[in-house]
Structures are given as C-alpha cells and as structure tokens.
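> predicted model and sequence follow; I will ask about them next.
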Amino acid sequence: KIRFMMVVDNFINKNELKDIKKEMLHGDFNWFYCQKSLDYDKKMQPMFQHIFLSDDKKSYKFDLIKNLLEKIIKKRKVNKFLRVKSNLYLKNNKRKSHTKHTDIKNFENYETAIYYLTTTNGSTTIGNKTVKDKENRIVFFNGKTKHNANIQTDKTERLVLNFNYIN
C-alpha cells in the first residue's frame, strides 16, 4: 500500500506516449465539455474529459491506453480499475486551482494515479504536496487523499490521465 505518494518519471516508451498524444490531440477523439470538474461544486471549472472506463463500460478508444494500463497493473498489482478518464484543460490567462476532492465516494481502499501527457507550468496538489506537470510522469497516491488540478498559463493544452483502482 502507498503511504502517501510515489512519483515515477519516463513511465512508458516515448513512441507509445507519442501515439497516445497524437490520437488524443489530433485524431478522431471525442472530448466532452464539463463546466465543472465536480458535479457537486458551485465553482465554474471548465475542462474537457473522455471516460475510458467507468462501471465496467469501455469507451471506443479504450485500446489506445492498453499498454499504459498493463504497465500500471504490473507496477501497482492492480486487481481492478474502477475508473479511467482523461482531462484536457485549456490555457488560462491567470493561475486557477480546482476544488480539492477525492475521485470515488463509495470505496474505502483504492489508489489513484495521474499520468501527465504534457509538460506545462500547471501541477496537481496532492494533500499538501505539489507535483509539477511533466510529460511521461506518473504519480501514485492513496485514493482518499484530497487533490486538485492547478491550471496552466503557458501551454495551449494540459493533458492528464486519471486512474482509480483497487489492488
């Protein structure tokens, strides 16, 4: 079990990363607009998302991240993915932070991983620590640890994959 968090750089092969990014940013990829990153939040926090897996239902692009999922399964001895989604944040003209939250309400013991597909001046705050956006970096942490996105002001897109799983 993860006590707090573990950061791993250069997580997957560069060509795999390039293929995933190309498909998500330039391919036939469905992004869905959300005014708020959390249903229950009052704050406007616009972003786009694509849900690869939720309630055992897979998206039409699920195979795009198969190798990445296999690598996570090996690294963290994953028994089951609860949810896998991608978030796309567009450049903001001033620093904004989303609301601190946990991803899944009805599970006691699960882990969360965030995989960064882009390097930006954005970051993720996990508990009281900050993990900077760095392409091909992944951070693993206890799913009950509150976290939030800090939106970038330098690059057009900030692209992350978010995994919730039990091991």
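Everything's here; your move. No experiment lies behind these values; they were computed from the predicted model shown. Numbers count the residues shown, from 1 in each chain.
> quickly find the element holding the closest residue to Met5 other than its chain neighbours.
Nearest non-adjacent residue to Met5, counting by Cβ to Cβ, 6 or more residues apart in numbering: Phe141, 3.9 Å away. C-betas here are computed from N, CA, C, even on glycine. For Phe141, the host element (DSSP states H and E) is strand 137-142.
> hmm, who's touching that strand?
For strand 137-142, contacts defined as Cβ atoms under 8 Å, 6 or more residues apart in numbering pick out 1-9, 11, 72, 75-76, 111-116, 124, 126-127, 131, 147.
> rerun that using 7 Å as the cut-off
Outside of strand 137-142, the residues that reach it under the criterion Cβ atoms under 7 Å, 6 or more residues apart in numbering are 2, 4-9, 11, 76, 111-116, 124, 126, 131.
> contacts for the lowest-mean-pLDDT helix or strand in the chain?
For the chain, the helix or strand with the lowest mean confidence is strand 96-97, at a mean of 86 (criterion: mean pLDDT, DSSP states H and E). Residues from elsewhere that reach strand 96-97 (Cβ under 7 Å, 6+ apart): 148, 150-151.
> now the strands for this structure?
Remark: strands assigned in the chain by DSSP state E are 5-8, 32-34, 47-54, 57-58, 80-90, 96-97, 111-116, 123-126, 129-132, 137-142, 147-151, 157-166.
> quickly compare those strands and say which is most buried.
Across those, averaging neighbours per residue (mean count of other Cβ atoms under 10 Å) puts strand 111-116 on top, at a mean of 24.
> the inter-axis angle of that one versus strand 157-166?
Counting by axes from the mean of the first three to the mean of the last three Cα atoms, to 10 degrees, strand 111-116 points 160 degrees away from the direction of strand 157-166.
> quick check: bridge partners of the residue nearest to Met5?
On the basis of DSSP bridges, Phe141 takes part in beta bridges with Met5, Thr112.
> quick check: Leu104 touching Gly143?
Careful, residue 104 is Ile and not Leu. Yes: taking contact to mean Cβ atoms under 7 Å, the distance of 6.3 Å between Ile104 and Gly143 places them in contact.
> more neighbours: those two, which one.
Residue environment comparison for Ile104 versus Gly143 gives the larger neighbour count to Gly143, 22 against 15, counting by other Cβ atoms under 10 Å.
> what residues are up against the more buried one?
102-104, 110-112, 164.
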